[in-house]
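Undergrad: Sequence and predicted structure, then a few things I'm wondering about:
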Amino acid sequence: MTKRAIFDKKNVLVIGGAGFIGSHLCDELLKDAKVICIDNFSSGQEKNIDHLLANPDFEFINHDITKTIVLEEYPELQKFKLEFQGIQEIYNLACPMSVKNFNRNKIETLLVNSHGVKNALDLAVQYGAKFLHFSSSVVYGLFDDFEQKIPENYVGKIDHLSERAVYDEGKRFAETMVMNYREEYGIDAKIIRIFRTFGPRMPLGDDQMIPDFITNALDDKDLIIQGDANFSSSFCYVSDCIDAAIKMMSSKFYGPMNIGSDVKVNLTSFAGKVIEAVKSKSKIVYAEEVLFMKPLCLPDLTKARNELGWLPIITLDTGLHKTIDDLRAKKGIIGF
């Protein structure tokens, strides 16, 4: 591949950059790179990147990645000198993540995990760019032991005809495509598998428990756990996830790599922490599980520790208070 000149900063493409995790990634990358953000707001939000639009090193393109894109055709990208410098890194986070609208987004989810990943990888081939694909812990599928920490070589069991297979099986197929592009075209393509992540900018009113817990607690409404009193999960604060992604991109390791917290958290206990933190009068109630919100396995982080020198450092309490502060600001609430 032809080596391209880098003028002052590397050019980085973030696909799905207006989403919860993607927007935080754009924030961090802009410290030493120029960033092109592509999103079609299928589950991302414009307000997540509003604060970046005035930054001369940032540009947003409203585009559905399931359709091909020619970046050089966008006049607003001339400042990136793509014809000379190209793109150095591509982060692919594109995928509808709405819990509430999961059923409505099924076909879009299929397409973004197939056509969308192909189009993203074709850009990596075109520019000789390093490529990082954000996969998910759902690739491990069904399991019986929720205490077990799952290593990356665990072969999951997924019902490819289940109601949620468009996401679970879609993520598996996307990984297969990334690895085959790596082998066929010789690109530096990598995979990280993200476990449950939380923090500021999580969408509100989308049946995602953490932001719903906080907003309901602020309004003294019931905190609804979509499951029973035993429902547990793990939660990684978003800045830790971003740190891992950037370290992965600069490493020689191509994965797949588990990224998340390996500490099991009971949801009832977590909801109690939220009520206590905001001094709420809310009560905890239980409801039926929803399709997209299931208990997940815990990650084995041995590879992340050994290959990247990474482990999550933000405690659950610290991350929770940061997220509460963000949602208080959104609701215009001052003080405790």
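TA: Yes, it's here. Numbers count the residues shown, from 1 in each chain.

Undergrad: where does the stretch 101-250 of the chain dip in pLDDT?
TA: Along the stretch 101-250 of the chain, the parts satisfying pLDDT under 70 run over 101, 142-147.

Undergrad: could you point out the longest helix in the protein?
TA: As assigned by DSSP state H, the longest helix anywhere in the chain is helix 165-185.

Undergrad: helices or strands up against the helix or strand just after that one?
TA: Next in sequence after helix 165-185, counting helices and strands by DSSP states H and E, comes strand 189-194. If contacts are counted by 3 or more CB pairs under 8 Å, 6 or more residues apart in numbering; DSSP states H and E, strand 189-194 sits against strand 130-136, helix 165-185, helix 238-250, strand 257-259. Quick note: C-beta positions are derived from backbone N, CA and C, even for glycine.

Undergrad: Contacts for whatever helix or strand Asn119 lives in, please.
TA: Per DSSP H and E: Asn119 is located in helix 117-127. For helix 117-127, contacts defined as CB atoms under 8 Å, 6 or more residues apart in numbering pick out 4, 13, 15, 65-69, 71, 86-88, 90, 92, 94, 129-131, 133, 174, 177-178, 181, 185, 187, 189.

Undergrad: mind exporting it as CSV, just the C-alpha atoms?
TA: Extracted in CSV, the C-alpha atoms of helix 117-127 (Å, rounded to 0.1, in the frame of the first residue of the first chain):
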residue,chain,number,x,y,z
VAL,A,117,-19.5,-3.5,8.0
LYS,A,118,-18.6,-4.3,4.4
ASN,A,119,-18.7,-0.7,3.4
ALA,A,120,-16.6,0.3,6.5
LEU,A,121,-14.0,-2.4,5.7
ASP,A,122,-13.9,-1.3,2.1
LEU,A,123,-12.9,2.2,3.3
ALA,A,124,-10.1,0.6,5.3
VAL,A,125,-8.9,-1.3,2.2
GLN,A,126,-9.1,1.9,0.1
TYR,A,127,-7.1,4.0,2.5
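
Undergrad: Use 459 as the first number for this chain going forward.
TA: Noted, 459 is the first residue going forward, which turns the last one into helix 575-585.

Undergrad: and it, which residues are buried?
TA: For helix 575-585, the neighbour count (16 or more other CB atoms under 10 Å) marks 575-579, 581-583, 585 as buried.

Undergrad: My read is that Leu540 contacts Val528, right?
TA: No. At 9.9 Å, Leu540 and Val528 do not qualify as touching, with contact defined as CB atoms under 8 Å.

Undergrad: need the helices for the chain, in chain order.
TA: Counting by DSSP H, the helices of the chain are 478-487, 540-543, 564-569, 575-585, 623-643, 667-676, 696-708, 725-735, 760-761, 774-789.

Undergrad: The ones you listed: which one's closest to Thr655?
TA: helix 696-708 (4.9 Å; CB to CB).

Undergrad: Just checking the distance from that closest one to the centre of its chain.
TA: A distance of 11 Å separates the C-alpha centroid of helix 696-708 from that of its chain, computed with CA atoms, centre = their mean, to the nearest Å.

Undergrad: Which elements pack onto it?
TA: Judged by 3+ CB pairs under 8 Å, 6+ apart, helix 696-708 is in contact with helix 478-487, strand 547-550, strand 588-594, strand 647-652, strand 655-656, strand 715-717.

Undergrad: Let's see that helix as PDB, backbone CA atoms only.
TA: Listed next in PDB are the C-alpha coordinates belonging to helix 696-708 (Å, rounded to 0.1, in the frame of the first residue of the first chain):
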ATOM      1  CA  VAL A 696     -17.600   4.800  29.300                       C
ATOM      2  CA  SER A 697     -14.200   6.500  29.800                       C
ATOM      3  CA  ASP A 698     -12.700   3.100  30.600                       C
ATOM      4  CA  CYS A 699     -14.200   1.600  27.400                       C
ATOM      5  CA  ILE A 700     -12.800   4.500  25.300                       C
ATOM      6  CA  ASP A 701      -9.300   4.100  26.900                       C
ATOM      7  CA  ALA A 702      -9.300   0.400  25.900                       C
ATOM      8  CA  ALA A 703     -10.400   1.100  22.400                       C
ATOM      9  CA  ILE A 704      -7.600   3.600  21.800                       C
ATOM     10  CA  LYS A 705      -5.000   1.300  23.300                       C
ATOM     11  CA  MET A 706      -6.300  -1.500  21.200                       C
ATOM     12  CA  MET A 707      -6.000   0.600  18.000                       C
ATOM     13  CA  SER A 708      -2.400   1.400  18.700                       C
END
